[in-house]
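>>> Quick one, what's the 3D model for this:
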Amino acid sequence: QVRLVESGGGLVQAGGSLRLSCSASTPNGNGVAMGWFRQAPGKEREEREFVAAISWSGGEEYYADSVKGRFTISRDDAENTIYLQMNSLKPEDTAVYYCAAVPTVAGASRADEYDYWGQGTQVTVSS
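Alright, predicted model coming up:
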């Protein structure tokens, strides 16, 4: 069982920045590929949108077109933590952001490819 805990959400003005963190506890210290998804207001769980993912080793990163050039995903395996640095935030980035993990090497962009999910952290961008 992998336990994920997100933090770092909040309220920010358009153009501002936030950094989300997700700490992971994995059995036997096994590595996992991890990703960030978001669920916009009024959307169902099944409509969670892929944001970014990072491979087991951290050598490969994947981004949704809507966040490329603005968001950066990274991982610190010594701390069992991944981060999502979000710059140039827009009101349409407002959502609950979820961290997800799967015990595979490569990151994935589909929510149904992930086995474990955090509880989510709210990000609100005001115009």
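
>>> As a check, name the ranges of all helices in this structure.
Shown for the chain, no helices are assigned by DSSP state H.

>>> what's the nearest residue to the spatially most central residue of it if we skip its chain neighbours?
Nearest residue to the geometric centre of the chain (C-alpha atoms, centre = their mean): residue 36, 2.1 Å. Once flanking residues are discounted, residue 36 sits nearest to residue 51: 4.2 Å by C-beta to C-beta, 6 or more residues apart in numbering. Glycine gets a C-beta too; all of them are placed from N, C-alpha and C.

>>> show me the contacts for residue 83.
19-22, 73-76 (C-beta atoms under 8 Å, 6 or more residues apart in numbering).

>>> repeat that for 6 Å
19, 21, 74 (C-beta atoms under 6 Å, 6 or more residues apart in numbering).

>>> what's the burial count for the residue nearest to residue 36?
24 (other C-beta atoms under 10 Å).

>>> Restricting to C-alpha, output stretch 89-101 in CSV.
Extracted in CSV, the C-alpha atoms of stretch 89-101 (Å, rounded to 0.1, in the frame of the first residue of the first chain):
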residue,chain,number,x,y,z
LEU,A,89,-1.1,30.7,-12.9
LYS,A,90,-4.4,31.4,-14.6
PRO,A,91,-8.0,31.3,-13.3
GLU,A,92,-8.6,28.2,-15.4
ASP,A,93,-5.9,26.4,-13.3
THR,A,94,-8.4,26.5,-10.3
ALA,A,95,-9.0,22.9,-9.2
VAL,A,96,-8.4,20.3,-6.6
TYR,A,97,-5.0,18.9,-7.4
TYR,A,98,-4.3,15.2,-6.7
CYS,A,99,-1.1,13.3,-6.5
ALA,A,100,-1.1,9.7,-7.8
ALA,A,101,1.3,6.8,-7.9
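
>>> Please consider this matter closed, and thank you.
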